[in-house]
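> with the input below, show me the fold.
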Amino acid sequence: MRWKRRGAFFLCLLMTFLGCAFMGARADETGVLSEKELNGWLEELLRSTLSQQPGNAPVGEESLTEDGYAFLYGQATLFYDKPQLDQYSKLQAVSVTDDSLVTPRGIAIGSPAQMLIDTYGWQNPGLLTDGFMAPFYVLNQLPQAAYWAWAQVEDDRVDMVNCYIHVQVDQDVYTDAGIQYTLEDGLISGIRVYGLGSLISLEDVLGNLEAYGQTQTAISGDSIPAQ
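You can find the predicted model right below:
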């Protein structure tokens, strides 16, 4: 009976983040980071924590951060909306803390910047920038979904990469989840999955896509096709 309760608890946790995304469009084999891919990785991560106690148990108010209550595990910190884990707990973010934890596309802490460029920068292989931002990819499948990614670049050095996932969950309501990679000296130093409980409006999604397109046009004079 205990295993059944834990199993039900696990399924509830999965449904709290991006659960509705399976109702939206899928990115298929386009190369963008999709909700299906991120969900699959998070499912494996949650399974790995089922038999573990967080290193800071019992979790109290001192563990509250801007991402939520921090639960410290060996390979990652998981952030929930409250300090108790039950069927109502909502996973809000994940911060990878160990280089042994491989994230989507085989990327881990310590991976080189070129791996991110090769993985996500296929619409801009020359890493063209406006002096600050390098568009990586954009896929507009609205009204079902939209996906985009960009890199923060300084002196030809990639300092940060963000991949965004906007999937429709209700009329004019979309997820605002994604992965952020931070880099130091050409290597990934931090990986953060964020926005697992965040929602934005269709207007916000369109604004993001417009800003992305304006940046790309400023760089080359031509917009990257939204495939």
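> which parts of this protein are helices?
Applying DSSP state H to the chain gives helices spanning 2-16, 35-49, 113-120, 202-220.
> so which other helices or strands are in contact with the shortest one?
For helix 113-120, the elements it packs on are strand 145-154, strand 157-170, strand 177-184, strand 187-194, judged by 3 or more C-beta pairs under 8 Å, 6 or more residues apart in numbering; DSSP states H and E. (C-beta placed from N, C-alpha, C; glycine too.)
> one more pass at 10 Å, please.
Packing partners of helix 113-120 (3 or more C-beta pairs under 10 Å, 6 or more residues apart in numbering; DSSP states H and E): strand 133-141, strand 145-154, strand 157-170, strand 177-184, strand 187-194.
> same thing with the longest one?
Helices and strands touching helix 202-220, by 3+ C-beta pairs under 10 Å, 6+ apart, are strand 133-141, strand 145-154, strand 157-170, strand 173-175, strand 199-201.
> could you give the bridge partners of residue 137?
Assessed by DSSP bridges, residue 137 has beta-bridge partners residue 149.
> buried set for stretch 155-167?
Going by neighbour count (16 or more other C-beta atoms under 10 Å), the buried part of stretch 155-167 is 158, 160, 161, 162, 163, 164, 165, 166, 167.
> same check on stretch 123-133?
Buried, per 16+ other C-beta under 10 Å, within stretch 123-133: 123, 124, 129, 133.
> re earlier: out of the helices of the chain, the one nearest residue 89 is which?
helix 2-16 (6.4 Å; C-beta to C-beta).
> between the helices and strands packed on helix 113-120, which one is nearest to residue 46?
Of the helices and strands packed on helix 113-120, nearest to residue 46 by C-beta to C-beta is strand 187-194, at 11.8 Å.
> how about that closest one: buried residues?
188, 191, 192, 193, 194.
> got those residues as TSV, with distance to residue 64 and pLDDT columns?
Formatted as TSV, the buried residues of strand 187-194 follow (distance: C-beta to C-beta, whole Å; pLDDT from 0 to 100):
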residue	distance to residue 64	pLDDT
188	27	99
191	22	99
192	17	99
193	19	98
194	16	97
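> switch the residues you listed over to CSV; also include distance to residue 171.
Listed next are the buried residues of strand 187-194 as CSV, based on distance: C-beta to C-beta, whole Å:
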residue, distance to residue 171
188, 38
191, 33
192, 30
193, 26
194, 24
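> closest to residue 174 among these?
Out of those, the member with the shortest distance to residue 174 (by C-beta to C-beta) is residue 194, at 14.9 Å.
> my read: residue 147 touches residue 163, true?
Yes: counting by C-beta atoms under 10 Å, residue 147 touches residue 163, with 7.7 Å between them.
> so what sits against both of these two?
32, 33, 34, 137, 178 (C-beta atoms under 10 Å, 6 or more residues apart in numbering).
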